[in-house]
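Peer 1: the following block contains a protein sequence and its predicted model.
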Amino acid sequence: MNDNQVTLVEVGLRDGLQNEKTPLSPQQRADWFNALVAAGHRRIEAGSFVSPKWVPQMAGTDEVMALIQRPAGVWAEVLVPNEKGLDAALKTSAEVMAVFTAASESFNQKNINCSIDESLERFRPVIARAKADGRKVRGYVSCVVGCPYEGSIEPAQVARVTRELLALGADEISLGDTIGVARPREIHALLDAIIPETGTERLALHCHDTYGQAIANITAGLERGIRIFDSAVAGLGGCPYAKGATGNVATEDVLYLLQGQGFETGVDLNRVAALGAEICRVLGRENPSRVGKALTA
Ligand code: HMG
Ligand code: MG
């Protein structure tokens, strides 16, 4: 891959909609997925196979999967917390299954009701079975800089969880600043602890924009050679188990940055901005993307 090529993983339909008060129909979610494909995205999260009692908004992800269309080479990605979720996910055509844990014990308890080590044990068969079925596996590590319950998180702790997920067979690790508190210096310190062991190719950065630092943090990641970034159309997002965390960095804002810095993504900014404006209209919310607002004013 050329050094100026960046892959965006569009997480709005999962990280975003999991946080909206009103669940959207599978047809609506699939229509937006298809619009993201038309805009040029090649990796798009379609939903999660989690407990509907925990996250009712993601119920019907199997129906979303049945309704989406994508050409070869475009990946639909889904979250699976355990073997029950995997059983459901394997019945779909999702190319990528994502397991998720955290670098913070307290966050993990609130989010998936188990310790970090228990989660890794739970993922062992999940990852093995997904890989045996020819799927790719992404491992999410949440709270890589700060935790809503524990405060600062040590980079060494993130490095440990990253190492263990890779040892279990994960193809890629997404490092999540779940509550959007990180600043570039902290991102550099985090990457100092991880890149020497892991390299850059299997790492993604997942920035939330709660404190408005996501674009600065992505710039830090680019400087360090990271070329996979998670973002959400219209800055949708948050986490039901991280109170106060606002959305993911807006895809529109990331695309504007990347274009200006000479990076290629294959994603059409104007189409994403138009979709972002439509999503905000349907959800009845203000568009948090400065770029999206400027382009659709
Ligand atoms: P639990 O209650 O400990 O699980 O929840 P359990 O095994 O005891 O099962 C309890 C009930 O849930 C049972 O049903 C199971 O069948 C059912 P009942 O007998 O009571 O009727 N169940 C399931 N149903 C559907 N799909 C499943 C499933 N598993 C069990 N997969 C569990 C444990 C992990 C299931 C629960 O905690 C859960 O679903 N958590 C999901 C939390 C979540 O989705 N959080 C948001 C995503 S993470 C995130 O946003 C961060 C990220 O963006 C990165 C970042 O920003 O840092 C990725
Ligand atoms: Mg997130």
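Peer 2: Sure, I can see it. Keep in mind the model is a prediction, meaning the values are calculated, not measured. Residues are numbered from 1 along each chain as shown. Ligands and ions are numbered 1, 2, ... in the order given.
Peer 1: I'd say residue 66 and residue 91 touch.
Peer 2: No - checked against CB atoms under 8 Å, the pair residue 66 and residue 91 is beyond contact range at 9.8 Å. Placement of C-beta: from N, CA and C, glycine included.
Peer 1: now for residue 219, how many residues are close by?
Peer 2: By other CB atoms under 10 Å, 14 other residues sit near residue 219.
Peer 1: show me what whichever helix or strand it is part of is packed up against.
Peer 2: Residue 219 is part of helix 214-223, with elements assigned from DSSP states H and E. The elements that helix 214-223 packs onto, with contact taken as 3 or more CB pairs under 8 Å, 6 or more residues apart in numbering; DSSP states H and E, are helix 184-198, strand 203-207, helix 251-260.
Peer 1: so what touches that helix?
Peer 2: Residues from elsewhere that reach helix 214-223, judged by CB atoms under 8 Å, 6 or more residues apart in numbering: 6, 177, 180, 182-184, 187-188, 191, 205, 207-209, 229, 248-249, 253-254, 257, 261, 263.
Peer 1: what subset of those residues is buried?
Peer 2: The neighbour count (16 or more other CB atoms under 10 Å) marks 6, 177, 180, 182, 187-188, 191, 205, 207-209, 229, 248-249, 253-254, 257, 263 as buried among the contacts of helix 214-223.
Peer 1: what about the strands in the stretch 101-250 of the chain?
Peer 2: In the stretch 101-250 of the chain, the strands defined using DSSP state E, counting those that start in this stretch lie at 136-142, 146-147, 151-152, 172-177, 203-207, 228-231.
Peer 1: could those strands go into TSV alongside distance to ligand 1?
Peer 2: Below are these laid out as TSV (distance: least, CB to the nearest ligand atom, whole Å):
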stretch	distance to ligand 1
strand 136-142	3
strand 146-147	10
strand 151-152	16
strand 172-177	2
strand 203-207	5
strand 228-231	8
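Peer 1: could the ones you listed be laid out in TSV, adding mean pLDDT and distance to residue 41?
Peer 2: As requested, those are exported to TSV (pLDDT from 0 to 100; distance: least, CB to CB, whole Å):
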stretch	mean pLDDT	distance to residue 41
strand 136-142	98	16
strand 146-147	96	29
strand 151-152	96	34
strand 172-177	98	16
strand 203-207	98	14
strand 228-231	98	10
